[in-house]
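Trainee: Here is a sequence together with a model predicted from it:
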Amino acid sequence: MLAVKSMDVRDNFKDWCNKVTNGETVIISRPKNENIVMLSEKEYNEMLKAKRNAEYLTMLDKSISEAEKGGFVIKTIAELEDYEK
């Protein structure tokens, strides 16, 4: 991970983009500590996927816990079909 001033990125944007596409993550420092992170689209998509997976696993854990405590409803096929009408 590299840290750089925003002015340096502005002056050498192509070079920094090349570093990022080659796997480097860049923290761009800005005034008032309003820093940003520059990363590749591939890494960004992997982070989003990991976040969605974690959220899904959390939901599954909650559902399993509720089911183990008896927090579920049993419906017959006929009752479910009545919902479609």
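Mentor: Thanks, I have the structure now. Residues are numbered from 1 along each chain as shown.
Trainee: Leaving aside the residues adjacent along the chain, what's closest to residue 5?
Mentor: residue 29 (5.6 Å; Cβ to Cβ, 6 or more residues apart in numbering). (Glycine included, C-beta is placed from N, CA and C.)
Trainee: Please name every helix or strand in contact with whichever strand or helix holds residue 43.
Mentor: Per DSSP states H and E, residue 43 falls inside helix 41-68. Helices and strands touching helix 41-68, by 3 or more Cβ pairs under 8 Å, 6 or more residues apart in numbering; DSSP states H and E: there are none.
Trainee: Show me what counts as buried in it.
Mentor: Neighbour counts using 16 or more other Cβ atoms under 10 Å place no residue of helix 41-68 among the buried ones.
Trainee: List the buried residues for whichever helix or strand comes after it?
Mentor: Next along the chain after helix 41-68, taking DSSP H and E as the criterion, comes helix 77-84. By neighbour count on 16+ other Cβ under 10 Å, the buried set for helix 77-84 is empty.
Trainee: and helix 77-84, what's its mean pLDDT?
Mentor: Per-residue pLDDT over helix 77-84 has a mean of 89.
Trainee: Please verify my assumption that the residue nearest to residue 5 contacts residue 35.
Mentor: Yes: using Cβ atoms under 8 Å, residue 29 makes contact with residue 35 at a distance of 5.2 Å.
Trainee: who has more neighbours, those two?
Mentor: More crowded of residue 29 and residue 35, by other Cβ atoms under 10 Å: residue 29, with 15 against 12.
Trainee: Next one: that one from residue 85, what distance?
Mentor: 61 Å (Cβ to Cβ, to the nearest Å).
Trainee: pull the CA atoms of the helix or strand of the chain with the lowest mean pLDDT into CSV?
Mentor: When each helix and strand of the chain is scored by mean pLDDT, DSSP states H and E, helix 77-84 comes last, with a mean of 89. The C-alpha coordinates for helix 77-84 follow below in CSV (Å, rounded to 0.1, in the frame of the first residue of the first chain):
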residue,chain,number,x,y,z
ILE,A,77,-48.8,-26.5,-0.2
ALA,A,78,-52.5,-25.6,-0.3
GLU,A,79,-52.0,-22.7,2.1
LEU,A,80,-49.1,-21.4,0.0
GLU,A,81,-51.2,-21.8,-3.2
ASP,A,82,-53.9,-19.6,-1.6
TYR,A,83,-51.4,-16.8,-1.3
GLU,A,84,-51.1,-16.7,-5.1
